[in-house]
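S.K.: Give me coordinates for this.
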Amino acid sequence: MGFIKHALIGIAIYKAVEYLIKKDEFGVSRFEDIKEDLEERVPEWVEKAKTIKEDIQAGKVPDLT
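M.R.: Numbering: from 1, shown residues only. Below is the predicted model:
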């Protein structure tokens, strides 16, 4: 039973990776779309984290909106 379970998990991982790296009609994969989206959002998240950290260090309740 363990072999079948591991084989199914391996197939699922293979199919997920295949789905992420498959190119669309424009030659862009879903992985590249996700990567570009994160590159745009991460600096904003870092700034929010810095403000929250400063609020906590100052003893204020951070504004999480």
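S.K.: Tell me where the model's unsure across this structure.
M.R.: Where the chain drops to pLDDT under 70, the residues are 65.
S.K.: for it, what spans make up the helices?
M.R.: 2-21, 30-58 (DSSP state H).
S.K.: out of those helices, nearest to residue 64?
M.R.: Closest to residue 64 of those, according to Cβ to Cβ: helix 30-58, at 7.2 Å. Any C-beta I mention is one placed from the backbone N, CA and C, and that applies to glycine too.
S.K.: circling back: now render the helices of the chain as a markdown table, adding distance to residue 64.
M.R.: A markdown table is the format used below for the helices of the chain (distance: least, Cβ to Cβ, whole Å):
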| stretch | distance to residue 64 |
| --- | --- |
| helix 2-21 | 31 |
| helix 30-58 | 7 |
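S.K.: want to throw those helices into a markdown table with mean neighbour count?
M.R.: Listed next are the helices of the chain as a markdown table, based on neighbours: other Cβ atoms under 10 Å:
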| stretch | mean neighbour count |
| --- | --- |
| helix 2-21 | 10 |
| helix 30-58 | 11 |
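S.K.: Who does residue 29 form a beta bridge with?
M.R.: Counting by DSSP bridges, residue 29 is bridged to residue 23.
S.K.: tell me the contacts of it?
M.R.: Residues counted as contacts of residue 29 (Cβ atoms under 8 Å, 6 or more residues apart in numbering) are 20, 21, 22, 23.
S.K.: Please tell me how far the residue nearest to the third one when sequence neighbours are not counted sits from residue 17.
M.R.: I take that to be residue 22. Nearest non-adjacent residue to residue 22, counting by Cβ to Cβ, 6 or more residues apart in numbering: residue 29, 6.3 Å away. Distance of residue 29 to residue 17, computed by Cβ to Cβ, to the nearest Å: 11 Å.
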